[in-house]
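Participant: With the input below, show me the fold.
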Amino acid sequence: MTITDLKSQRDQMHRGFQLDGYVSIPDFFDSEEITRIRENKDRYVRDIVPTMPETEVYYDDKNDPDTLKQLQNMEKHDPTFFGAMLQPDSKLTMLAEICLDEAVVPKNLQYFNKSATASTPTPPHQDGYYFHLTPNLAVTMWIALEDVAPEQGCVNYVQGSHHYGMRAHGASGTLGFSQGILDFGIPNDLDNTKSFPCKAGHVIAHHSLTIHWADGNTSGDKARQALGAVYFAARCQIDERAKAAYQARLNAQLAEQGKI
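Facilitator: Numbers count the residues shown, from 1 in each chain. Down below sits the predicted model:
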């Protein structure tokens, strides 16, 4: 998909995002683009990850590098390539602005993996719980780096759930997703769930209040690699004290568990 394509589909995408809480775009990145992203991801893991703070690198098994699960703030550690993906003239930034219909600020480029040998489900949650924003107005892009079949743990969304505010969250025990919705599973959740098996290059942009989750990877021989790009509406205010307190508690828990 080109910048021109995005501009021509702006109204349709914005309406879908506002109605459903997400917009799904196959082939947002073409095969050449996604190959280049994967190559740079491999370079990043090889050359940059060993230099990163342990609080930004999560493994399913800290002693097994093959179980790399999550990376935070890739754009800060590699501004030339991954930082460029979040620049004002990038396709991702334009999509974020289309979804929210206002100016945005890029906040985080993440890597997510569900390895074939050590993978747990991602609990149902709302990203906005982690963001500490007023108003809670943000968008996350989920970018498939490879084809994802249901058995690899495709992403599930509760359609329209962003209209009903923040649900109660509590400790999930899941590395990288420490909080989950406590009362998830009521009929409205299950009846409105949409699942997204996808091909490499597929992008799904969702609202910070949209409920989503993913099953574990049960394929036995395939990873499930993706990037996540987070944007806040420019007018949002961050409760820095609450955010710092949450992160400090989380880091202490992870250190106690031997995860970092």
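Participant: then stretch 154-167 to PDB, C-alphas only?
Facilitator: The C-alpha coordinates for stretch 154-167 follow below in PDB (Å, rounded to 0.1, in the frame of the first residue of the first chain):
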ATOM      1  CA  CYS A 154      -3.400 -15.100  15.700                       C
ATOM      2  CA  VAL A 155      -4.700 -11.900  17.200                       C
ATOM      3  CA  ASN A 156      -8.400 -11.700  18.300                       C
ATOM      4  CA  TYR A 157     -10.400  -8.500  18.800                       C
ATOM      5  CA  VAL A 158     -13.700  -7.800  20.500                       C
ATOM      6  CA  GLN A 159     -15.400  -5.700  17.800                       C
ATOM      7  CA  GLY A 160     -16.700  -2.400  19.100                       C
ATOM      8  CA  SER A 161     -15.300  -2.900  22.600                       C
ATOM      9  CA  HIS A 162     -13.600   0.600  22.600                       C
ATOM     10  CA  HIS A 163     -17.000   2.200  23.000                       C
ATOM     11  CA  TYR A 164     -17.400   0.900  26.500                       C
ATOM     12  CA  GLY A 165     -14.400   2.300  28.400                       C
ATOM     13  CA  MET A 166     -11.700   0.700  30.500                       C
ATOM     14  CA  ARG A 167     -12.400  -2.700  32.000                       C
END
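Participant: Give me the distance between it and the centre of its chain.
Facilitator: 14 Å (C-alpha atoms, centre = their mean, to the nearest Å).
Participant: beta partners for the nearest residue in space to V45 that is not next to it in sequence?
Facilitator: Ranked by C-beta to C-beta, 6 or more residues apart in numbering and with sequence neighbours excluded, the top spatial neighbour of V45 is L68, at 6.7 Å. Glycine gets a C-beta too; all of them are placed from N, C-alpha and C. Assessed by DSSP bridges, L68 has beta-bridge partners Y59.
Participant: Just give me the neighbour total for L68.
Facilitator: 20 (other C-beta atoms under 10 Å).
Participant: Next one: it, what pLDDT does it get?
Facilitator: According to the prediction, L68 has pLDDT 90.
Participant: list the contacts for it?
Facilitator: Residues in contact with L68 (C-beta atoms under 8 Å, 6 or more residues apart in numbering) are V45, V49, V57, Y58, Y59, Y111, N113, S115.
Participant: Assess the claim that the second one and V57 are in contact.
Facilitator: Yes: with contacts defined as C-beta atoms under 8 Å, V49 counts as touching V57 at a distance of 5.9 Å.
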